[in-house]
Structure formats: structure tokens, C-alpha cells
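A.B. asks: Turn this into a structure:
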Amino acid sequence: MLKIALIGYGQMGKLIEQLALQNNCEIVAIIDPLLGNEITAVTVADADVCIEFSTPDAAFGNLTKLIELGKNVVTGTTGWYDELDKIRLLVEKKSTGFIYGTNFSVGMNLFFSIIENAAKLMNRAEDYDLFGLEMHHNKKKDSPSGTAKVLSDIILKNIDRKTKSQYEKLDRQIEKNEFHFTSVRSGDIPGMHSISFDSETDTIELKHTARNRNGLALGAVKAAKWINNKTGFYNFTDKLNDIIG
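C.D. replies: The predicted structure is shown next:
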């Protein structure tokens, strides 16, 4: 049975705790400032893998401590990716295993592939403009979401007429090369992301809607089982086929 330490005990941490036993995993430690504990060699000693879902401000420090302690790590926290190369170098130095993702939902990662293929087709259809929309619950601490940024990157890589993402409110006319991706934070929305292609004659909308956060938690558990006893630095989307078998 895989032994997991949870770093962060918010909504995702609690869900992972609920799903762990059903997937032949045991939670051996729960670490969160609100519980009055912290990451040390003692608190994570029994864990095979640590799953980190904290906050953008705390993530880099948490991940650094875990890797320094030689632990394999799964992280779903976003908003800290400016430090990603530093974590990559530390993983290589310590010969640990590390996997990160903006979204651990299998369905969302399939959606990434759908958007990529659609964008390649729509690259030739220059009559269509594009826009994105994402909605999340009012407790989410980053905007745009990491998932929105991945979707934007997919669009920019595959649509020649779009060269820049624009996430902010505009008080001017948008430029033709800008891809506008807007965010909403309200209520208990688990997550919705859509990409629309709009022309004078019609609109094509591709949308992923999460019914709950269970898919995210289950994907993180699958990632933990996969990264156990491995070394290297990985992205969940890139390794999806291997992880889901």
C-alpha cells in the first residue's frame, strides 16, 4: 500500500484523503499551518510520496523542503511557475521524482488534446476569431487559472494569427493578434473552461465542465502511484497515457 503525506489540507487535501484508501493508498501524514505542524524529516518520514496542494505563496517553499528531504512529490498548486526551473534543477540534484500539473483531471487533459487538434484545423479558417472563458469557486487564489494558461499556450502555438494572451480587463479595442481569456470567481463552481471560435456566420464552442473536484483528486492519487520509486521531472499532461495505463 502506497504511503502518502498530504501537504495542504484544504478542499483538495480532504478529497484526496477520502479517495486514498479506495485506491490502495494510506495517508500517513497531514501537514498544514492551520494544523500547527510543518514539513520536517520527522513529519514526512513514513511517506513514499508527498502530494502538495497548498497556495501559490507557499508552494515553492514546500516543494523545496520536500525535495531536499529526498521525497518524491506530486503538486497541483499553480501560480508559482516562475520558479519551475529552480525546482527542476533541485530534482536533478537530489535524484528525486517530481510531477506537476495545472489540472489532474483526466477529462481536462483529454480536453487539452481536443483543443490542440481543433486549433490546428481552425488555423486555416481565418474568418474565425477566438476567445476563452474560465469560471471557478470564490476560494480559488489565482486568476487566471493554471489550466487557462495551458489552454492559452495551446492556442498561441497552433493559431498563427494569435501571438499574445490577454487576461486583463480591456479599456480599449482588442488587437487582432491578442487572444482574450477572461476569468470569473464566484460561489462553489468546481471549474469550467471553454474556447470559442466566432465568425460572422456562426460560433463554435468547446467546453469542459467539472461536476466536482473528485476527478482532480483521483488524478493526483494516480500520479502519486506512478511517480513512486521513479526519478525525474515530469508534467502530468505529458505522462497522461502512462499514468492512466
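A.B. asks: what helices or strands is the helix or strand encompassing residue 5 leaning on?
C.D. replies: Using DSSP states H and E, residue 5 sits within strand 2-7. Judged by 3 or more Cβ pairs under 8 Å, 6 or more residues apart in numbering; DSSP states H and E, the packing partners of strand 2-7 are helix 11-20, strand 25-31, strand 49-52, helix 214-227. In short, each C-beta sits where N, CA and C put it, glycine included.
A.B. asks: Same list (those) but as a markdown table, adding distance to residue 93.
C.D. replies: Converted to a markdown table, the helices and strands packed on strand 2-7 look like this (distance: least, Cβ to Cβ, whole Å):
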| stretch | distance to residue 93 |
| --- | --- |
| helix 11-20 | 28 |
| strand 25-31 | 23 |
| strand 49-52 | 18 |
| helix 214-227 | 17 |
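A.B. asks: right, and those - which one's nearest residue 125?
C.D. replies: Smallest distance to residue 125 across these (Cβ to Cβ): 31.5 Å, for helix 214-227.
A.B. asks: for that closest one, packing partners?
C.D. replies: Secondary-structure packing of helix 214-227 (3+ Cβ pairs under 8 Å, 6+ apart): strand 2-7, helix 11-20, strand 25-31, strand 49-52, strand 72-75, strand 97-100, helix 106-122, helix 240-244.
A.B. asks: What helices and strands are in contact with the second one?
C.D. replies: On a contact count with 3+ Cβ pairs under 8 Å, 6+ apart, helix 11-20 meets strand 2-7, strand 25-31, helix 214-227.
A.B. asks: so what are the domain limits for the chain?
C.D. replies: Domain assignment for the chain by automatic domain parsing gives 2-104+213-244, 106-209.
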